[in-house]
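# Have a look at this prediction, sequence included:
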Amino acid sequence: MPIRTLVWGENVHEQKNKIVADNYPEGMHNQIARLLASDSNIVTKTTTLQEPEHGCSVAALAETDVLVWWGHAAHGEVADEIVERIAQRVWEGMGLIVLHSAHFSKIFKRLMGAPCALHWREAGERERLWVTTPGHPIAKGLPAYFELEMEEMYGEPFSVPEPLETVFVSWFQGGEVFRSGLTYRRGAGNIFYFRPGHETYPTYHDDTVGLVLRNAVNWAYNASQHPELLDAPNRPVEDALEKIEERGPKLHHGREEGFR
């Protein structure tokens, strides 16, 4: 079954900045979806901040296997209710790909429980991305490194939790380095942060970036969902795997309304 992938775009810069509009005349979200669509194992839909419920209704997320998220100028406009809804779906098993400046998005901060801060410079520098975990599924088909001629610099320290894996490390022309491809897991959900993607540069027209994104979607996909991870049911004595006798004082008696 194809991986149902929803590409979420903030869709703000494209409406206000001619450079961005010229780079992405159909919107960044649609260009990212185009990169993904060349993989027959991925089916894409797109949505934006401006849609009702930001395009992330309960029904839409229930039909999403992997969510790809790009944001920058309007993180604060994403409703907290939607952020919690997405976080719950990730815990259940939905994959999440967080791109570039979405390191500061509400959903990434929510799942990381950290500031997710960094240093930056917009100077059109060359970025060299080194594959630090050869053989990782996200790095499948990549050379030892690849370069983007013009990108925004992100520099360490990057205040995120220690990742499960660091797939890429970037070097910039000005001398800074940055952990630019990080994997995490929250509950049953796989999360990948990928650094490149500044809106004034044609990063999402790059074939190698497209390969990374397709690899990432395939890696993040989880065929099984686990909504039970969000509940905390009581397991009574009679349901214990081994026979036991209840003893000692207890706070709760029976299964009163409102108690767990």
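Sure thing, it's come through. Keep in mind that what you see is a predicted model, and the values were worked out from it rather than measured.

# for the lowest-mean-pLDDT helix or strand in the chain, packing partners?
Within the chain, no helix or strand scores below helix 13-16, which has a mean of 92 by mean pLDDT, DSSP states H and E. For helix 13-16, the elements it packs on are helix 18-23, judged by 3 or more CB pairs under 8 Å, 6 or more residues apart in numbering; DSSP states H and E. Bear in mind the C-beta positions are built from the backbone N, C-alpha and C, glycine included.

# who's in contact with the helix it packs on?
His13, Glu14, Gln15, Met28, Glu199, Thr200, Tyr201, Pro202, His205 (CB atoms under 8 Å, 6 or more residues apart in numbering).

# buried set for it?
Val20, Asn23 (16 or more other CB atoms under 10 Å).

# now the helices for the stretch 51-200 of the chain?
58-62, 80-92, 106-112 (DSSP state H, counting those that start in this stretch).

# on that earlier part again, buried set for the least confident helix or strand of the chain?
Buried-residue list, helix 13-16, by 16+ other CB under 10 Å: His13, Glu14.

# The residue nearest to His226 when sequence neighbours are not counted: neighbouring residues, count only.
Using CB to CB, 6 or more residues apart in numbering and skipping the chain neighbours, the partner closest in space to His226 is Ala188 (4.3 Å). A count of neighbours around Ala188, defined by other CB atoms under 10 Å, yields 18.

# And for the one 5 residues further on?
Other residues within reach of Tyr193, judged by other CB under 10 Å, total 26.

# Quick check: it vs Val212, distance?
12 Å (CB to CB, to the nearest Å).

# Give me the common contacts of these two.
Gly181.

# re earlier: any chance of JSON lines for the helices of the stretch 51-200 of the chain, columns mean pLDDT, mean neighbour count and distance to His136?
JSON lines is the format used below for these (pLDDT from 0 to 100; neighbours: other CB atoms under 10 Å; distance: least, CB to CB, whole Å):
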{"stretch": "helix 58-62", "mean pLDDT": "98", "mean neighbour count": "14", "distance to His136": "27"}
{"stretch": "helix 80-92", "mean pLDDT": "98", "mean neighbour count": "18", "distance to His136": "20"}
{"stretch": "helix 106-112", "mean pLDDT": "98", "mean neighbour count": "21", "distance to His136": "20"}
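
# how about these in CSV, adding distance to Ser170?
Formatted as CSV, the helices of the stretch 51-200 of the chain follow (distance: least, CB to CB, whole Å):
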stretch, distance to Ser170
helix 58-62, 31
helix 80-92, 25
helix 106-112, 18
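
# And those helices: which comes nearest Ala223?
helix 80-92 (12.6 Å; CB to CB).

# Put the alpha carbons of that closest one into PDB.
Coordinates of the C-alpha atoms in helix 80-92 are reproduced here as PDB (Å, rounded to 0.1, in the frame of the first residue of the first chain):
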ATOM      1  CA  ASP A  80      -2.300  24.900  19.900                       C
ATOM      2  CA  GLU A  81      -5.200  22.400  19.500                       C
ATOM      3  CA  ILE A  82      -3.800  21.400  16.100                       C
ATOM      4  CA  VAL A  83      -0.300  21.000  17.600                       C
ATOM      5  CA  GLU A  84      -1.600  18.600  20.300                       C
ATOM      6  CA  ARG A  85      -3.600  16.700  17.700                       C
ATOM      7  CA  ILE A  86      -0.500  16.200  15.500                       C
ATOM      8  CA  ALA A  87       1.600  15.200  18.500                       C
ATOM      9  CA  GLN A  88      -0.900  12.500  19.500                       C
ATOM     10  CA  ARG A  89      -0.900  11.100  16.000                       C
ATOM     11  CA  VAL A  90       2.900  10.900  16.100                       C
ATOM     12  CA  TRP A  91       2.800   9.000  19.400                       C
ATOM     13  CA  GLU A  92       0.300   6.700  17.700                       C
END
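
# returning to that earlier point: tell me the pLDDT of the residue nearest to His226.
For Ala188, the model assigns a pLDDT of 98.
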